[in-house]
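**Q** Can you look at this prediction? I've put the sequence above it.
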Amino acid sequence: MEMKTTFSIILILQLTLGAEGRNIEPPVQLEPYFPPAKPSLENLNAICVHGNGRPRYPASCLPSSGFGYIRRAGTAVNRVEAWFSQCCQRGVAQGDQQILCCTKQAWENALSHFCIEEYATMTSVHECCEKTGEERWNCFEKQAPNPSYKPLSGYTAPIIPPDMIFTWDPNTC
């Protein structure tokens, strides 16, 4: 896992820095934002208010071949952020408890799909994907680099529509 994290940092730096070490457009210092943190009452406001200030990973910023783990992690972040936005919009869920329930479902679904995609490869899978149930969610939560969902200063995320549909089930709350 440490090799994947180091590799991720190097790749992201290469994508965001020009040949001479200068920032290229957009001028954003990206750091790994995978895995996303589990939604809680403590970070729910930041999830909903600062969603457009956290990194997204458009296909255009990733290599077209190789680096599959980076693409899968970026896709998972894009999914969860799009689905969080859906949960936070008025009319989808009402009140903090329902919004929290919706965001937790979105988080678990996005990471479940990430794990399914990890197992579909011929490489080693993310260590959290090897766990099941609460152990899996606790593993991802412990590894989250931005548990408070702080935005990046001066960054506005591009709009990336989700590649999968998320439907919140309020009956599971």
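**A** That came through fine. Numbering: from 1, shown residues only.
**Q** Residue 164 should be in a strand, yeah?
**A** No: going by DSSP: H, G, I helix; E, B strand; the rest coil, the assignment for residue 164 is coil, not a strand.
**Q** correct me, but it touches residue 80?
**A** No: the criterion here is Cβ atoms under 8 Å, and residue 164 misses it with residue 80 at 11.0 Å. Backbone N, C-alpha and C define where each C-beta goes, glycine included.
**Q** what about those two, which has more around it?
**A** residue 80 (29 against 11; other Cβ atoms under 10 Å).
**Q** The more buried one touches residue 107, doesn't it?
**A** Yes: Residue 80 is within contact range of residue 107, at 5.7 Å (criterion: Cβ under 8 Å).
**Q** what do those two both touch?
**A** residue 36 (Cβ atoms under 8 Å, 6 or more residues apart in numbering).
**Q** where's the residue nearest the centre of the chain, which helix or strand?
**A** Residue closest to the mean C-alpha point of the chain, counted by Cα atoms, centre = their mean, is residue 77 at 2.1 Å. Taking DSSP states H and E as the definition, one finds residue 77 inside helix 68-88.
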